[in-house]
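> Return atomic coordinates for the entry below.
(one chain, ligands or ions: 2)
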Amino acid sequence: MAASTRAERIESRERNPKWRNVPLRIEMSECINCDACLRHCPPQFGAIFNHSIDVIIIPELCSGCDKCLPPVCPVDCIYPDPDWKPAPDDWWQEPTTADVY
Ligand code: SF4
Ligand code: SF4
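Ligands and ions are numbered 1, 2, ... in the order given. This is a model prediction of the structure:
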């Protein structure tokens, strides 16, 4: 049952172990900060945030549902991240503060 809801994932900082797809990552050197992906990430995942000047995906919250990919992202800068690393501590401030979901 661990990490089956978004709140549990935020609390435990764990992905849902049942998710089959790898999380996605935003290539910051290509992203134009349009925020379109942020509006299209389903609320039950709520994985994308504005973080300072960057737009980020917290991999532990990203199911790999692909709803943020083109045509949503106009520059196609969101990629599968099979070698994902745990999100840094400061990224985890975003789900608990600026909650857009
Ligand atoms: S793949 Fe789905 S869950 Fe992951 S960031 Fe994109 S829209 Fe959100
Ligand atoms: S939709 Fe693409 S370009 Fe726009 S903020 Fe998201 S990753 Fe960046």
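> Please give me every residue in contact with the closest residue to residue 68 other than its chain neighbours.
Closest residue in space to residue 68, ignoring its immediate chain neighbours: residue 37 at 3.8 Å, by Cβ to Cβ, 6 or more residues apart in numbering. Placement of C-beta: from N, CA and C, glycine included. Contacts for residue 37 (Cβ atoms under 8 Å, 6 or more residues apart in numbering) come out as 26, 48, 55, 68, 72-73, 78.
> contacts with ligand 1 among those residues, please.
Among the contacts of residue 37, the ones lying near ligand 1 by Cβ under 6 Å from any ligand atom are 48, 68.
> Restricted to strands, list the contacts of residue 37.
Among the contacts of residue 37, the members falling in strands (DSSP state E) are 26, 48, 55, 78.
> from those residues, which is closest to ligand 1?
Nearest to ligand 1 among the ones in strands among the contacts of residue 37, counting by Cβ to the nearest ligand atom, is residue 48 at 5.0 Å.
> quick one: the closest one and residue 72 touch, right?
No - in this structure residue 48 lies outside contact range of residue 72 using Cβ atoms under 8 Å: 10.6 Å.
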